[in-house]
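how would this look folded up:
(chains A and B)
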Amino acid sequence: MSERVTTPVARPGPIPAVAGIGLRAQHHRDILEQRPAVGWLEAHSENYFALGGSQPRILEEIRAEYPLSLHGVGLSLGSVDALDRRHLENLKRIVERFEPALVSEHLSWGSVSGRYFNDLLPLPYTVEALNHMVERVTQLQEFLGCQILIENVSSYLEFTCSSMSEPEFLATLAAQSGCGLLLDLNNIYVSAQNHGFDAREYIARMPLTAVREIHLAGHGRNRHGDRYILIDTHGTHVCSDVWALYAIAIQRFGDVPTLIEWDTDIPALPVLVEEAHKADSIRETLHALAA
Amino acid sequence: MLSLPELQKAFSAAILFDETGTIEPYVVHKGVEPAGRLRLYRNNARENFLAALRAAFPVLERLVGADYFRQLALQYMQRFPSPSGNLHDVGERLPTYLQRRFARTEYAYFPDVARLERACQEVLVAEEHPPLDLQRLAAVEPEECGRLCFALHPAVRLVASAFPVLRIWCANQPDGDADHVIDLRQGGEQVLVQRTRETVEMSALSATDFAFLTAIAAGETLTTATVTAAGRAATEFDVGHALRRHVSAGVIVDFHLGADR
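Numbering: from 1, shown residues only, chains lettered A, B, ... in the order given. The predicted model follows:
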């Protein structure tokens, strides 16, 4: 069993500051047979909520080989609904069982009165929403007995009532709750394109020490009259603009665990591994230039 | 200005019921109509719901066709939105919904097919349990055997239908014979759904076996379960034989002694 701590601190058993890949069920067998050379794996928490059967058994086997991060998509932290007790307990059970080095969730909401949308919906960036998130993140960290990372999501709309920017909201959330930040550079890029802000400036405004993980993924686009809205599909290669943001982020935050995420139209395992190696080589090139 | 609870309520009305009127004035325009932006979220929620349902009910989808399944799924979603942040739970109430909708129609077997598919989904994630401890059972005094209350493995479900539901399921597998004609009036089937190490297995049970296991699952004593099963048996019900079969198949995995009646 994991060691219980009373104050939120990072769990021991570090994720190396290199590239890892998202663990998806169709790659379970290939990962165990091929043991690809990636630094770590990240699993969606909800996919391993099963009490028994093959999924947790396979994760057990994979866990013996790779550092693991658990990434939640369904807790709906930003909803004003009370947190789902069953979901919390399932999460705690798998955190204790698999001892992930990182546990993360999203800056989003997804339910009203117990009706869930199974999506990552955007919050208004108001003081009210900030206080709400600080309270929820604190509650979650106390319940799990560890620090959690909060990830920025892609958004397709902004609210007129927002009184601060997303980086300001995230930085304050991290400062007030003690959570770490998971910076999804593709999500920053998608939102920047959709709302017309500068992604580089966003990165520059992120607190230096709070960023513990970076996500990289691909996106699609959807036509609206003469405009396009970028959609966070996680269904293709990381685009060149996002790779450029990655270089900027590494220069700012130093080496940070980096994850290649691919959730729709999932390709064969070697494609993900190659994408992870690309991230590693970008970091190595930057180090060589700096030396 | 909307408070956070008001904003979330108004947003959810746009997603679930396409009622965008309340939330629209609070969405920034910037070149794309707020209604168009909201539609993206509505479509995402629908597609996520639909994809989870399709993955869990492939036989039902094959029976009704992809277009009608989609229509059915979206109507179900309005009536029974997802009950949790775990997509596994999306189909929890589909059998109930279909029962209300199709019970008195020529498609009355749809809800039973859905129950069978939901049972498969449930056993896949159910708890592990070791086999029955035979030494412990052997230590029970003969005169106490009637009070034995057995327990089924957590990864076992029993599904009974007035239709040949297992035959329908088999014929509608990806490698099944879709042209195979099944006479719905040929009689019902009772199905045992059980997780094995790698997969889910289904087998047809006799009416006797089904009555016996159902009584056990309900917490009845061996005496009551035996009487219930014997009432369904065409010939004499051999309880010893039945117990041995269900224990060796890993269906019965535990017991305790119930109260005297």
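
Now do the strands in the stretch 151-261 of chain B.
Applying DSSP state E, counting those that start in this stretch to the stretch 151-261 of chain B gives strands spanning B:156-161, B:189-195, B:200-205, B:252-257.

Chain A is nearest to which of these?
Taking C-beta to the nearest C-beta, strand B:189-195 is the member of those nearest to chain A, at 6.1 Å. Using the backbone N, CA and C atoms, a C-beta is placed for each residue, glycine as well.

Show me what the closest one is packed up against.
helix B:110-125, strand B:156-161, helix B:165-171, strand B:200-205, helix B:207-217 (3 or more C-beta pairs under 8 Å, 6 or more residues apart in numbering or on different chains; DSSP states H and E).

Now do the buried residues in the helix or strand harbouring B:Ala14.
For B:Ala14, the host element (DSSP states H and E) is helix B:4-17. Residues of helix B:4-17 classed as buried by neighbour count (16 or more other C-beta atoms under 10 Å in any protein chain shown): B:Leu4, B:Leu7, B:Gln8, B:Lys9, B:Ala10, B:Phe11, B:Ser12, B:Ala13, B:Ala14, B:Ile15, B:Leu16.

next one: it to chain centre, how far?
How far helix B:4-17 lies from its chain's middle: 31 Å, per C-alpha atoms, centre = their mean, to the nearest Å.

hmm, that helix touching chain A?
Yes. For a cut-off given as C-beta under 8 Å from any C-beta of the partner chain, helix B:4-17 has contacts with chain A, namely B:Leu4, B:Pro5, B:Leu7, B:Gln8, B:Lys9, B:Phe11, B:Ser12, B:Ile15, B:Leu16.

Can I get the helices and strands packed on strand B:189-195 in JSON lines including mean neighbour count, distance to chain A and mean pLDDT?
Output for the helices and strands packed on strand B:189-195, formatted as JSON lines (neighbours: other C-beta atoms under 10 Å in any protein chain shown; distance: least, C-beta to the nearest C-beta, whole Å; pLDDT from 0 to 100):
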{"stretch": "helix B:110-125", "mean neighbour count": "22", "distance to chain A": "4", "mean pLDDT": "98"}
{"stretch": "strand B:156-161", "mean neighbour count": "21", "distance to chain A": "12", "mean pLDDT": "98"}
{"stretch": "helix B:165-171", "mean neighbour count": "20", "distance to chain A": "20", "mean pLDDT": "94"}
{"stretch": "strand B:200-205", "mean neighbour count": "16", "distance to chain A": "9", "mean pLDDT": "96"}
{"stretch": "helix B:207-217", "mean neighbour count": "21", "distance to chain A": "18", "mean pLDDT": "97"}
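
any idea of the mean pLDDT for the helix holding B:Ala14?
Averaged over helix B:4-17, pLDDT sits at 96.

B:Glu61 - nearest residue in space that isn't next to it in sequence?
Nearest residue to B:Glu61 in three dimensions, chain neighbours excluded: B:Phe69, at 4.3 Å (C-beta to C-beta, 6 or more residues apart in numbering or on different chains).

count of residues packed around that neighbour?
19 (other C-beta atoms under 10 Å in any protein chain shown).

Wasn't it part of a strand?
No. Going by DSSP: H, G, I helix; E, B strand; the rest coil, the assignment for B:Phe69 is helix, not a strand.

Check the spacing between it and B:Arg245 real quick.
In this view, B:Phe69 and B:Arg245 are 38 Å apart by C-beta to C-beta, to the nearest Å.

ok now stretch B:86-93, how far from the chain's centre?
Stretch B:86-93 sits 10 Å away from the centroid of its parent chain (C-alpha atoms, centre = their mean).

Could you check which residue of chain B lies nearest chain A?
Taking C-beta to the nearest C-beta, chain A has its nearest neighbour within chain B at B:Gly85, 2.7 Å off.

quick revisit: can you redo the buried residues of helix B:4-17 as TSV with distance to A:Asp184?
Below are the buried residues of helix B:4-17 laid out as TSV (distance: C-beta to C-beta, whole Å):
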residue	distance to A:Asp184
B:Leu4	23
B:Leu7	23
B:Gln8	23
B:Lys9	28
B:Ala10	27
B:Phe11	22
B:Ser12	24
B:Ala13	28
B:Ala14	25
B:Ile15	22
B:Leu16	27
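
Return the closest of those with respect to A:Thr236.
Using C-beta to C-beta, B:Ile15 comes nearest to A:Thr236 of the buried residues of helix B:4-17, at 25.6 Å.

Please name the residues that touch that closest one.
Residues near B:Ile15 by C-beta atoms under 8 Å, 6 or more residues apart in numbering or on different chains: A:Phe117, B:Leu38, B:Tyr41, B:Arg42, B:Ala45.

swap the cut-off to 6 Å and go again
B:Ile15 makes contacts with A:Phe117, B:Tyr41, B:Arg42, B:Ala45, as judged by C-beta atoms under 6 Å, 6 or more residues apart in numbering or on different chains.

Quick check: chain neighbours aside, which residue is closest to the second one?
Nearest residue to B:Tyr41 in three dimensions, chain neighbours excluded: B:Ile15, at 5.7 Å (C-beta to C-beta, 6+ apart).

hey, where'd the strands end up in the stretch 151-291 of chain A?
Going by DSSP E, counting those that start in this stretch, the stretch 151-291 of chain A shows strands at A:180-184, A:211-216, A:220-224, A:227-231, A:258-260.
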